[in-house]
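K.L.:
this one's structure only:
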């Protein structure tokens, strides 16, 4: 396999035709990288977007697969794709069980292919800029991280029931964001939560939580989640270091302010993740393709990142169940 | 010609391979309208993007042309395309001479094709929302309009020399914006200007101006232009009506604020029009394609809009030359 | 008269018991300058706040007078106070007639007392900071100034009838602000206006205007006024120079934003000038007292500033009447 | 004692001549309540501001005392003032020991005088507006409260050593704010903290913390504190309810934004609590005087509020020491 030549565009197949699969398809088409658009649009036009995942994974015409299937298919498709020497982009989470995650990661390592995990928020312009502020030492030695992450409404209970719970399904993005911003590993987790939606309570899940993370380097991060933000999607981070802070606001479709005698008002935020993170999805796919096309490049979000985020979710679940701070060492197998 | 069937996608050719031609090509590819992407990407891949405009205009495989050639080619290409029954998207301005503009418009009307003029800012999310605030009566009866429009730096003098002057080249967008927001025609114009850049002064042009427009319905609009905004592109409007105001802020690549003991700061605005208006360009192309595909639809920005904006620029030039308010009737041929 | 000793506090009398008189009385009491508060509070307690202006002006116990009487009393009280060697703080405008203004200024000069004119906005934290940005060369060589100044509603027609017209009554503050920011004199004025309130139209006045000022140093300033801002008082400035811009937002009573599914909203701005400029009034009085107490100090806003602002209002009136740009030289007596 | 007549102004004495004592003195003088200013200015002028607290407390000319002395004097002065039937305004905290607090509260109750505790932030325009949003049901049923409270730098170690620790000295304001916003009592507390300043670590205190509060009504509040915000004082709250959110920004001396090619920047926030809360101190004193002058009025922040905030600080200290969530019942004597 030789994808390093810029004359040979990467040939990508998409597994899973749901919402996020369409997003990635569109991102690939919109990709401004020279040569990618035509090629992917062509792929997109021919029947490489198939419901028979194995057929696509085994297709010798395909260099890489984008796994957007239901979570319980992720690991087996990773293993199969790795076996056929395809590069892999896998939506989060890899799996809800640590052993399965480890097995998938090992298959990728053994095959020598690249696997990138879909923590798309790392590619958001705001969060990337906050990370840059830390990396460039604009805020000095980091002391505290705040993540606010609210959904505009609860998903269907059927979804809740197979989601693995809020920490595995929703907060997992924030766990990754915390690791992304801090650039270190977590030592201890404490979670306080409630269910304001009675249906979610009945399903045994939570919808409102604050999770505290103590990192090994001393940084304290706190994540606030709600599945019930009536005004829409709300995604913000703020970091405090020895030299100062960096923070970002939520995103809106426009900046127009209407002032009348009653109020000064603007439109509600971008409704949900597709609107908010479309640019991030495009940037994520660009990165994946660039990395696949450059043999020496490493993926910026790999299997280990997927595993560590899952461990934090497991620790948060344990903390909630036992109402006590939980060390990551308690949930990490020896 | 039958483009009304949704099964037959519009076949588009692009005239002119400069910066704005590439933008439109990309917009077409990124177009999420069902069926458009594949088709245009295909066109984009085959040699329909040609330097021989006539060959493309005469191509029976083409339904519509996008004219992004130098201004002095616009009118003749419009006339030729109209003759070959192609729908036309033409970048602003149609021409710098009123007679030529009128001739081109007449050719379009005689041919019964559609022509849309590239006042892309009407498709910007902020300005569209301000227009909506007026249309929905959120601000009541309109009394005043402010347009702030600043470029991050002067173009090369070679460009200045063929541009027709700042009012025809740059302010023409703001003249159209004023008409778009007010939804009426202008009665009188007064312009005050200076040249802060000595090279522009030497070229006989201006780079800093305020233009006042009195509309026939009494609304007063004032446009402020600078070609020398050191911090980057700056595009804002504000309207005041009997019930209140609507205004928008400039656009930035991110919302991150870094606070240190020295200052609270954020990154400079999006640098220039390609960054700022990329979404507007895409929305503009989508609109053009939708309108071409629907025989009964009319274009939202037509030849007359192009002509009226040119008349305002001519009146502003006359006002500046004679240092007095100039009636539009003075520059409009009887 | 020896007020230079910090041991002898300035003894101040207030002429005029209207709204602005009460403001200044309160400012004096709130003054944190060592020794001022007690003393003025004492004055405030004893009957030095009198309706008999002459009695107060002649009172040997008084060092300075604050003239807040109706405009047509200003000049005669200035002359009388100067004659009795009192320092003078006079609300704007000094008078609506240039000869009378000149006479009052001459009386002040002949008496060797200090006179400060009540352009309180120079002491506003926002506008002062913009002026500082210019003075510190943060924005480079100044090219353009924008002043937005809107009242929350028209005053009673009875007031309009004696006000001297909007330019003399309301815009005069903005004329002073333009001179304050630019630090130069105006060469030419052009005004475009309308009356959206039919009662104001019937009274022969205007309520909506844009005034362009070309300064002798080339800077272009544009002032936008409305007496009909439904959402409340609105006071903003923005300057553009070779290095960048400085601008300020309007002022609000709080920064709270309430987000619901309908809108993201905050409370309307501070209603009017008393709320908005209370801090500026206090800073203005502090400055006046400091200057009076220091024989070598000069007032920051003097009779000449009052006169120049009046000349700009006169030129704007002439421009409006004749619909043409008017040179200041046309209205300035030789 | 009859203070209800508006003709008999309240006579107030101030105990303690430190920073906060001067603030209250100034607030009293600036008070716009009819009749208060003169009277207090007079008191301020005559030697009622004394270092001999007992003399003042016993002074029959005094109706009320403002206790701004060191914390260890508060309780004994409260008891003595209550004994002499003076109304009492006491700076926070009442005391660092629960028994002493209870003793002081009992003395006040037995004497039938009023005691108000100096949680000045309840009178801040932003926080009051957030509380109003909750009270008016603008945000629906409350689910979550965030409090960000950062100091611009650590106090001297000598102060730290007698402060009772960060939770009793600094966070106590935030504990009160959480109770003020939620309008209920706390069930459980968990605290995570660190010391980024080695001198504070050496003194056995912390300077960086997040404290989680679970209220009896299910609301989760999280408080973030830092004593090391390099950019200045930072005081914000945000609440999330079933209908939406209400949040406020930090406070700045002006709204001016300077844009250059390097950055878009504004001045740092108001430096510290005197600048930020001056208006709140004035409103607080006005409220105290109004309540004292109206026999039927109750104080808005009483001894019980002081005691509950102390209990939260004690629980947070215990949580930190034992690294576990602590029930308030554990620290509240039976």
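P.N.:
Received the coordinates, thanks. Fair warning: this is a prediction, and the values are worked out from it, not measured in the lab.

K.L.:
Below-threshold pLDDT in the stretch 1-150 of chain A: ranges please.
P.N.:
Applying pLDDT under 70 to the stretch 1-150 of chain A flags residues A:1-10, A:12-52.

K.L.:
Just want the residue of it that's nearest chain D.
P.N.:
residue A:143 (5.1 Å; C-beta to the nearest C-beta). Every C-beta, even on glycine, is put in place using the N, C-alpha and C of the backbone.

K.L.:
In three-state terms, label that residue for me.
P.N.:
Secondary structure, DSSP: H, G, I helix; E, B strand; the rest coil: residue A:143 is strand.

K.L.:
tally of neighbours for it?
P.N.:
The local packing of residue A:143 (other C-beta atoms under 10 Å in any protein chain shown) involves 21 other residues.

K.L.:
List the residues that contact it.
P.N.:
By C-beta atoms under 8 Å, 6 or more residues apart in numbering or on different chains, residue A:143 lies in contact with A:218, A:219, A:220, A:240, A:241, A:242, D:194, D:196, D:208, D:226, D:228.

K.L.:
could you measure the residue nearest to the first one when sequence neighbours are not counted against chain B, distance?
P.N.:
So that's residue A:218. Of all residues beyond its chain neighbours, the one nearest residue A:218 is residue D:194 (5.3 Å), with distances taken as C-beta to C-beta, 6 or more residues apart in numbering or on different chains. Relative to chain B, residue D:194 is positioned 21 Å away (C-beta to the nearest C-beta, to the nearest Å).

K.L.:
and residue D:194, how many residues sit next to it?
P.N.:
Neighbour count of residue D:194, defined by other C-beta under 10 Å: 18.

K.L.:
Residue A:303 versus the residue most central in space within chain A, what's the distance?
P.N.:
Central residue of chain A (C-alpha atoms, centre = their mean): residue A:119, 2.1 Å from the mean position. Separation of residue A:119 from residue A:303 (C-beta to C-beta, to the nearest Å): 12 Å.

K.L.:
could you dump the contacts of residue A:143 to CSV with secondary structure and pLDDT?
P.N.:
Shown next, in CSV, are the contacts of residue A:143 (DSSP: H, G, I helix; E, B strand; the rest coil; pLDDT from 0 to 100):
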residue, secondary structure, pLDDT
A:218, coil, 97
A:219, coil, 98
A:220, strand, 98
A:240, strand, 98
A:241, strand, 98
A:242, coil, 98
D:194, strand, 97
D:196, coil, 97
D:208, strand, 98
D:226, strand, 98
D:228, coil, 96
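
K.L.:
which residue ranges form the strands in chain A?
P.N.:
Using DSSP state E, the strands found in chain A span residues A:12-15, A:64-67, A:87-90, A:115-117, A:142-150, A:186-194, A:208-215, A:220-226, A:234-241, A:244-247, A:257-260, A:264-266, A:326-327.

K.L.:
looking at the ones you listed, which is buried most?
P.N.:
The highest mean neighbour count among the strands of chain A, using mean count of other C-beta atoms under 10 Å in any protein chain shown, belongs to strand A:87-90: a mean of 28.

K.L.:
Neighbouring strands - and their directions - for that one?
P.N.:
Sheet pairing for strand A:87-90, assigned by DSSP bridges, gives strand A:64-67 (parallel), strand A:115-117 (parallel).

K.L.:
Show residues contacting it.
P.N.:
Under the contact criterion C-beta under 8 Å, 6+ apart, strand A:87-90 has outside partners A:24, A:63-67, A:74, A:77-78, A:81-82, A:108, A:113-118, A:285, A:288, A:292, A:306.

K.L.:
Distance check, residue A:324 against residue A:266.
P.N.:
Residue A:324 is 43 Å from residue A:266, by C-beta to C-beta.

K.L.:
Residue A:248 now?
P.N.:
For residue A:248, the distance to residue A:266 equals 17 Å [C-beta to C-beta].

K.L.:
Could you do residue A:233 as well?
P.N.:
Applying C-beta to C-beta, the value for residue A:233 to residue A:266 is 15 Å.

K.L.:
Also residue A:168?
P.N.:
On the measure of C-beta to C-beta, residue A:168 and residue A:266 end up 34 Å apart.

K.L.:
Residue A:286 too?
P.N.:
Separation of residue A:286 from residue A:266 (C-beta to C-beta): 31 Å.

K.L.:
Residue A:137 now?
P.N.:
Applying C-beta to C-beta to residue A:137 and residue A:266 gives a distance of 34 Å.

K.L.:
ok, now residue A:222?
P.N.:
28 Å.

K.L.:
re the thing from before, possible to save the contacts of residue A:143 as CSV with distance to residue B:274?
P.N.:
Shown next, in CSV, are these (distance: C-beta to C-beta, whole Å):
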residue, distance to residue B:274
A:218, 44
A:219, 39
A:220, 42
A:240, 36
A:241, 34
A:242, 38
D:194, 46
D:196, 44
D:208, 44
D:226, 41
D:228, 42
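
K.L.:
hang on, residue A:211 packs against residue A:186?
P.N.:
No: look at residue A:211 against residue A:186 with C-beta atoms under 8 Å: they stay out of range, at 10.3 Å.

K.L.:
Quantify the burial of residue A:333 by counting its neighbouring residues.
P.N.:
Neighbour count of residue A:333, defined by other C-beta under 10 Å: 7.

K.L.:
my bad, residue A:199
P.N.:
Other residues close to residue A:199 by other C-beta under 10 Å number 13.

K.L.:
Repeat that for residue A:173.
P.N.:
Neighbours of residue A:173 (other C-beta under 10 Å): 24.

K.L.:
wait, what's in contact with it?
P.N.:
A:92, A:119, A:121, A:149.

K.L.:
separation between the first one and chain B?
P.N.:
Yep, that's residue A:92 we're talking about. Taking C-beta to the nearest C-beta as the criterion, residue A:92 is separated from chain B by 23 Å.

K.L.:
what residues are up against that residue?
P.N.:
Residue A:92 makes contacts with A:117, A:118, A:119, A:172, A:173, A:176, A:306, A:309, as judged by C-beta under 8 Å, 6+ apart.

K.L.:
Pairing partners for residue A:90 in the sheet, please.
P.N.:
residue A:67, residue A:117.

K.L.:
Please consider this matter closed, and thank you.
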